[in-house]
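>>> Sequence isn't available, so here's the structure alone:
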DNA sequence: TAGTTGCATAACCGTATGGTTATATAATGA
DNA sequence: TCATTATATAACCATACGGTTATGCAACTA
């Protein structure tokens, strides 16, 4: 039995997790959780150029985690919930599935412990 | 107020999310959730060379998601729970924080779960 | 001892990432 | 009309990623 690879937004999980893998982008998301923000506004706390932030926003957009609006010259970004939920769902499904095979894991732990006893690490 | 970026295993979140961003690695994790597996065993389902799988395992190891053991010539991999929990924690913290402001994500998660129940994977 | 198995490592390749500076563009404001 | 603001885009750079083939090597097996 395999974990279904599967439900929420399958192929997009790549983009979603990749987007979450950068600390600047996670910080941007945190900031956006308090409300929409424009590019310069987002760039300010980081010691980073405006184009760099624009690129990060593009990554977040591609992952579907962020939407842009139009407000005069501004292009304020705001969060989108759904893809984030996809990531949560994958992890929670995984956690659930994994817990359900705890018997096997216990066996393994035992096996590994025996092996380590006979042949201690490094 | 900002989302605290410091809770679980801060710096490792980069490596953890990056590791989760590849479908082959997610599949490996799924497989490993059913029990330990050697490299060739892991490589078999994928149309991919053994060195490629070894590299993926290194990424998973660096992220702390996987441990290697020694069993004769084999180097079986098994899951490690803690870092996975770190990712879940970050996402759930985020969810909580965001929901407290907007109250959207919980609804969405609920919706997605319903959808999965009605429309089972592949 | 010789062959085989299980894996790691090295060298290489094309493409993607994450940053930069410089420049373009579109909308506002004077 | 002209300057300013907010952002995008281009060109470039170094490094990382995800794959390959070739090779090395330790540990079993015959």
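Nice, thanks for sending it over. All figures in this text were calculated on a predicted structure; none of them were measured in a lab. Residues are numbered from 1 along each chain as shown, chains lettered A, B, ... in the order given.
>>> near DNA strand C at all, stretch A:75-84?
No: between stretch A:75-84 and DNA strand C, judged by Cβ under 7 Å from any atom of the strand, nothing touches; the nearest distance is 10.0 Å. To be clear about C-beta, it is placed using only N, CA and C from the backbone, and glycine gets the same treatment.
>>> Now do that stretch, average pLDDT.
The average pLDDT within stretch A:75-84 is 88.
>>> before we move on, what about stretch A:89-98?
Stretch A:89-98 comes out at a mean pLDDT of 80.
>>> give the contact list for the residue in chain A positioned nearest to DNA strand D.
Closest to DNA strand D within chain A is residue A:38: 2.7 Å, counting by Cβ to the nearest atom of the strand. Residue A:38 is in contact with A:74-77, counting by Cβ atoms under 8 Å, 6 or more residues apart in numbering or on different chains.
>>> and what of residue A:21?
Residue A:21 touches B:13-15, B:17-18, B:21, counting by Cβ under 8 Å, 6+ apart.
>>> Which single one of these is nearest to residue A:34?
For the contacts of residue A:21, the closest approach to residue A:34 (Cβ to Cβ) belongs to residue B:13, at 19.9 Å.
>>> if I read this right, the closest one contacts residue B:88, doesn't it?
No: using Cβ atoms under 8 Å, residue B:13 makes no contact with residue B:88, being 11.1 Å away.
>>> Dump the contacts of residue A:38 to CSV, plus neighbour count.
Compiled in CSV, these are given as follows (neighbours: other Cβ atoms under 10 Å in any protein chain shown):
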residue, neighbour count
A:74, 15
A:75, 13
A:76, 17
A:77, 26
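>>> Distance to chain B and secondary structure added to these, as JSON lines?
Shown next, in JSON lines, are the contacts of residue A:38 (distance: Cβ to the nearest Cβ, whole Å; DSSP: H, G, I helix; E, B strand; the rest coil):
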{"residue": "A:74", "distance to chain B": "21", "secondary structure": "strand"}
{"residue": "A:75", "distance to chain B": "21", "secondary structure": "coil"}
{"residue": "A:76", "distance to chain B": "16", "secondary structure": "coil"}
{"residue": "A:77", "distance to chain B": "14", "secondary structure": "strand"}
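>>> same for the helix or strand hosting residue A:29, what does it pack against?
In this assignment (DSSP states H and E), residue A:29 forms part of helix A:23-33. Counting contacts by 3 or more Cβ pairs under 8 Å, 6 or more residues apart in numbering or on different chains; DSSP states H and E, helix A:23-33 packs against helix A:12-20, helix A:39-43, helix A:50-62, strand A:66-68, strand A:77-79, helix B:12-20, helix B:81-102.
>>> Nearest residue to residue A:53 in space, please, no chain neighbours.
residue A:43 (4.2 Å; Cβ to Cβ, 6 or more residues apart in numbering or on different chains).
>>> related to what we said a few turns ago, the helices and strands packed on helix A:23-33: which one's closest to residue A:95?
Per Cβ to Cβ, nearest to residue A:95 of the helices and strands packed on helix A:23-33: helix B:81-102, 6.4 Å.
>>> got the angle for the closest one vs helix A:23-33?
Calculated by axes from the mean of the first three to the mean of the last three Cα atoms, to 10 degrees, helix B:81-102 forms an angle of 30 degrees with helix A:23-33.
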